[in-house]
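sequence plus the predicted model coming up.
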There are 2 protein chains.
Amino acid sequence: MRSTLALIARNVGVSSMTVSRILSGKGHLYRPETREKVLAEARRQQYRPNSFAKAIRARQFGTVALIAASDMEFGWISPGLQNGILAELNKNDTHLIINYLPLSRVTPGRPLPRLLREWSVDGLLLNHMSALTPEITALIREGGLPAIRCNVREDTDAVYPDDFGGAVAAVEILRKAGHKRIGYFTLHPPFAHFSYIDRYDGYVRAMTESGLTPQLFRAELKLSLAEQELAATEWLKRAGRPTAVVTPLSGDVSSVFAAAAKLGLRVPEDLSIITFDEDRLDHGHGRFDYMALPTEELGREAVRMLQEKIEQSNKLLPARCLPCTYRCGLSVGPPPITKRFNRRKLS
Amino acid sequence: MRSTLALIARNVGVSSMTVSRILSGKGHLYRPETREKVLAEARRQQYRPNSFAKAIRARQFGTVALIAASDMEFGWISPGLQNGILAELNKNDTHLIINYLPLSRVTPGRPLPRLLREWSVDGLLLNHMSALTPEITALIREGGLPAIRCNVREDTDAVYPDDFGGAVAAVEILRKAGHKRIGYFTLHPPFAHFSYIDRYDGYVRAMTESGLTPQLFRAELKLSLAEQELAATEWLKRAGRPTAVVTPLSGDVSSVFAAAAKLGLRVPEDLSIITFDEDRLDHGHGRFDYMALPTEELGREAVRMLQEKIEQSNKLLPARCLPCTYRCGLSVGPPPITKRFNRRKLS
DNA sequence: TTGAAAGCGTTACCAA
DNA sequence: TTGGTAACGCTTTCAA
């Protein structure tokens, strides 16, 4: 049976207010004798306060929700983002409820998840894996809950990584290493997202502003894996082929690497690679150079903004755009000696 | 201002019970006229029930917690596991609170997170990224909450993947492809975990039972990335070098692949690779063959078990061990023609 | 067809 | 130093 203040009070022979105060740190007001008896009985019963009852009294939930909004049937929340959010929330003993929300469910017909139908949290964090739709914007506004949007490039109430700047920085790193023929390599993206576009735009901008020519490889969706690899191989052995590539997704790396290996091109001696990724434990143990997305800081900042909104009755906040960080690996080096490289026959 | 039943009731001029019943689907008991008025006012006020108040009345939280227990300061929950858990919980409109729990915080001195100090959930899912400690076992038992442990090999109240069987299956796949010299390749693991050991044990068992000789490469922790790669290269060019490797972590793949590429060994023509991973969107777009961990099903099963425990007053449940699934990629093929391969000089 | 009262487990407030 | 009362927002139960 669950223990309550009333139960302890009855057993000890005091009022439940006495118990309440002693157990919530106001014990100095009481006689040591009373205090001891209450504490002992609470311990005996393994008393733990009911946080929902507290929340009702306090008129705030002490809870925030993180919703993964996407085009897909399931959600995806980056571990770094999640950790950043939790780290910041834990400072205030705030709970985090998570759920995913397929955007297809945000239409007049379909029922919303309980999280949005009922009143259960003080604020909302939305993680966007696809573009913002008018429906979801309306949903949030109508809900009246303070909300911060993560990973979506909006002017207000949003936090997102500087993907454009990350791509520019990647090109700069390769340029400083001596590369001029820098390609952009990507298979098909698993979902549509602003960052995927911004990375390419950043690449093109950095290239043209340096007077270099962008060269893009983009595998078509309908091709099989083997066909994609073949196409990649063709692209890598063209005359004027790149000595370095930027890829927007870490999943692209093994493809370009495999294609290069098939041609006998070594990384980084013959081909340098920079990709995008979040900092994580299993990222090839640092084999590849990458632009690290500021996922953890994104989470922390989102929480700070949300807390500000909760305190200041949902006031509009300017968005924050956080920079990527270059992580050195083993996949970037100087370009090969040009003449020999160009003359080399690739089978 | 938040809307409540009482507020609507006052505005319409009925009792709050009337409002409560009409808004919770028992409207047919009332005159259409009353019903309409109440519904209109509720809509106007954007009424949403307070789920904490409901929970208090119902004497259950309608909420479950997922705690990521690990040796590290932060947590790691596999996206598949999380999705499986959410998918199953959403069937009953149950909320999921997540948090991480560094095992160092489970000692008499340090304060526990609110989730464990207070009473906020009906049950607990524990995701273990390290071995179970006596402290955490005691903590859970004392807490008195129904709990299921994920990713830990225990006899009761647990769900975990069959890593041993997965490794056995991986060896079988390579054997059937014709390989006899099958190696085991791993850098240092990011954390200690039963699965890491079980995979190796499964590999050794499958090899010896087939009359083959295990050969292990394991990079030492203190080596730099470049030194690890050098060591891997040495291992791959020994006489009697493997024609296929099993690696327990997907992060190992790029290392063995890179080392092979340095030697001019192609995948899969000269070297086949099978790794372990969970099904995910960005897994090299299917480049590598892997044994897929049943993470999503693990989550679903954990929730089903937990719900059973919650209903049946925390009764002990036998553990469940779920099989891995082979996912075909482009990294497994027949072994190279032996004589030529053996004679070939690798620089 | 509708309502009043009681209670879920807390805590703020006022009184003793 | 201690206790009674009321209230947070909801639903069950009983009564009209």
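Yep, it's here.

surely residue A:232 is in contact with residue A:257?
No - using Cβ atoms under 8 Å, residue A:232 makes no contact with residue A:257, being 9.9 Å away. Every C-beta, even on glycine, is put in place using the N, C-alpha and C of the backbone.

what does the pLDDT read for residue A:76?
As predicted, residue A:76 sits at a pLDDT of 85.

give me the number of residues near it?
Counted by other Cβ atoms under 10 Å in any protein chain shown, the residues lying close to residue A:76 total 18.

the helices in chain A, which residues?
Along chain A, the segments classed as helices by DSSP state H run A:5-12, A:16-23, A:32-44, A:51-58, A:79-90, A:114-117, A:134-143, A:163-176, A:194-209, A:225-236, A:250-262, A:295-311, A:338-343.

residue B:126: which of the ones you listed is closest?
For the helices of chain A, proximity to residue B:126 was assessed by Cβ to Cβ; helix A:79-90 is nearest, at 15.6 Å.

name the helices or strands packed onto that closest one?
strand A:63-70, strand A:95-102, helix A:295-311, strand B:95-102 (3 or more Cβ pairs under 8 Å, 6 or more residues apart in numbering or on different chains; DSSP states H and E).

what helices or strands is the second one leaning on?
Yep, that's strand A:95-102 we're talking about. Applying 3+ Cβ pairs under 8 Å, 6+ apart, we find strand A:95-102 packed against strand A:63-70, helix A:79-90, helix A:114-117, helix B:79-90, strand B:95-102.

could you chop chain A up by domain?
A:2-49, A:63-160+A:297-321, A:163-293+A:327-343 (automatic domain parsing).

taking the stretch 51-200 of chain A, what residue is nearest to DNA strand C?
residue A:53 (3.5 Å; Cβ to the nearest atom of the strand).

quick one: contacts for that residue?
Shown in contact with residue A:53 (Cβ atoms under 8 Å, 6 or more residues apart in numbering or on different chains): residue B:56.

same thing but 10 Å
Going by Cβ atoms under 10 Å, 6 or more residues apart in numbering or on different chains, residue A:53 touches A:4-5, B:52-53, B:55-56, B:118-119.

again, but for residue A:183
By Cβ under 10 Å, 6+ apart, the neighbours of residue A:183 are A:203, A:207, A:213-217, A:235-236, A:238, A:240-247, A:256, A:271.

out of the residues you listed, which sit inside strands?
A:215-217, A:244-247 (DSSP state E).

and residue A:232 and residue A:257? Which one has more around it.
Neighbour comparison, residue A:232 and residue A:257: the larger count goes to residue A:257, with 28 against 23 (by other Cβ under 10 Å).

what does the stretch 1-150 of chain A have sitting close to DNA strand D?
Contact residues (Cβ under 7 Å from any atom of the strand) of the stretch 1-150 of chain A with DNA strand D: A:13-15, A:17-18, A:21, A:29-31, A:33-35, A:53, A:56-57, A:59, A:119.

would you mind writing the PyMOL command to select the buried ones in those?
This is how PyMOL selects the buried members of those, with burial counted by 16 or more other Cβ atoms under 10 Å in any protein chain shown:
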select buried, chain A and resi 14+18+21+30+34+35+53+56+119
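
picking up where we left off before, list residues touching both of residue A:232 and residue A:257?
Counting by Cβ under 10 Å, 6+ apart, nothing touches both residue A:232 and residue A:257.

which of the ones in strands among the contacts of residue A:183 sits closest to DNA strand D?
residue A:247 (50.8 Å).

and that closest one, how far is that from residue A:290?
Counting by Cβ to Cβ, to the nearest Å, the gap from residue A:247 to residue A:290 is 9 Å.

the two: which is more packed in?
Between residue A:247 and residue A:290, counting by other Cβ under 10 Å, residue A:290 is the more crowded of the two (29 against 26).

bridged to that one, which residues?
residue A:275, residue A:327 (DSSP bridges).

what sits against the closest residue to DNA strand D within the stretch 151-300 of chain A?
In the stretch 151-300 of chain A, the residue that lies nearest DNA strand D is residue A:157 (25.3 Å; Cβ to the nearest atom of the strand). Counting by Cβ under 10 Å, 6+ apart, residue A:157 makes contact with A:126, A:140, A:146-149, A:302, A:305-306, A:309, A:314-320.

give me the common contacts of residue A:247 and residue A:290.
A:170, A:253, A:273-277.

farthest-apart pair in those, please.
Most distant of those, by Cβ to Cβ, are A:170 and A:253, 13.0 Å apart.

which residues are in contact with each of the two?
Between them, residue A:170 and residue A:253 share the contacting residues A:245, A:247, A:274-276, A:289-290, judged by Cβ under 10 Å, 6+ apart.

just give me the closest of these to residue A:198.
residue A:276 (10.5 Å).

what count of nearby residues applies to the closest one?
24.

so for it, what's the nearest residue that isn't a sequence neighbour?
Nearest non-adjacent residue to residue A:276, counting by Cβ to Cβ, 6 or more residues apart in numbering or on different chains: residue A:291, 5.0 Å away.

count the neighbours of that neighbour for me.
Residue A:291: 28 neighbours (other Cβ under 10 Å).

so who does it touch?
With Cβ under 10 Å, 6+ apart, residue A:291 has these contacts: A:161-163, A:165-170, A:173, A:199, A:202, A:246, A:248, A:274-278, A:323-327.

pretty sure residue A:324 contacts residue A:161?
Yes - contact criterion Cβ atoms under 10 Å: residue A:324 and residue A:161 qualify, at 6.1 Å.

quick check: neighbours shared by those two?
Overlap of the contact sets of residue A:324 and residue A:161 (by Cβ under 10 Å, 6+ apart) consists of A:276, A:278, A:291-294.

just the pLDDT for the residue nearest to residue A:276.
97.

repeat that for residue A:321.
Looking at residue A:321, its pLDDT is 98.

isn't it right up against residue A:161?
Yes - counting by Cβ under 10 Å, residue A:161 is a contact partner of residue A:321 at 7.4 Å.

residues shared between the contacts of the two?
Taking Cβ under 10 Å, 6+ apart as the criterion, residue A:321 and residue A:161 both touch A:153, A:294.

neighbour count for those two, which is higher?
Set residue A:321 next to residue A:161 and count neighbours by other Cβ under 10 Å: residue A:161 wins out with 26 against 14.

so where's the stretch 101-250 of chain A uncertain?
A:189-191 (pLDDT under 70).

can you do 80?
A:188-192, A:220-222 (pLDDT under 80).

relative to residue A:160, how far out is residue A:147?
15 Å.

residue contacts, residue A:168?
A:162, A:199, A:201-207, A:209-210, A:291, A:324.

mark which of those are buried, thanks.
Using 16+ other Cβ under 10 Å as the burial test, the contacts of residue A:168 include A:162, A:199, A:202-204, A:206-207, A:291, A:324 as buried.

name the nearest of those residues relative to DNA strand C.
Relative to DNA strand C, and with distances defined as Cβ to the nearest atom of the strand, the nearest of the buried ones among the contacts of residue A:168 is residue A:162, at 43.1 Å.

spell out which parts of chain A neighbour DNA strand C.
A:2, A:4-6, A:16-17, A:20, A:23-24, A:47-50, A:53-54, A:56-58.

select only the buried ones of these in ChimeraX?
The following ChimeraX line selects those of those that are buried, judged by 16+ other Cβ under 10 Å:
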select /A:4,5,20,23,47,48,49,50,53,54,56
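
neighbours of the residue nearest to residue A:139 when sequence neighbours are not counted, how many?
The shortest distance from residue A:139 to any non-neighbouring residue, by Cβ to Cβ, 6+ apart, is to residue A:106 (5.7 Å). Residue A:106 is flanked by 19 other residues according to other Cβ under 10 Å.

and the gap between residue A:106 and residue A:75?
14 Å.

which residues touch residue A:63?
Shown in contact with residue A:63 (Cβ under 10 Å, 6+ apart): A:51-52, A:55, A:89, A:94-97, A:120-123, B:52, B:63, B:95, B:97, B:120.

now do residue A:299
Taking Cβ under 10 Å, 6+ apart as the test, what residue A:299 contacts is A:66, A:77-89, A:125, A:127, A:150, A:159.
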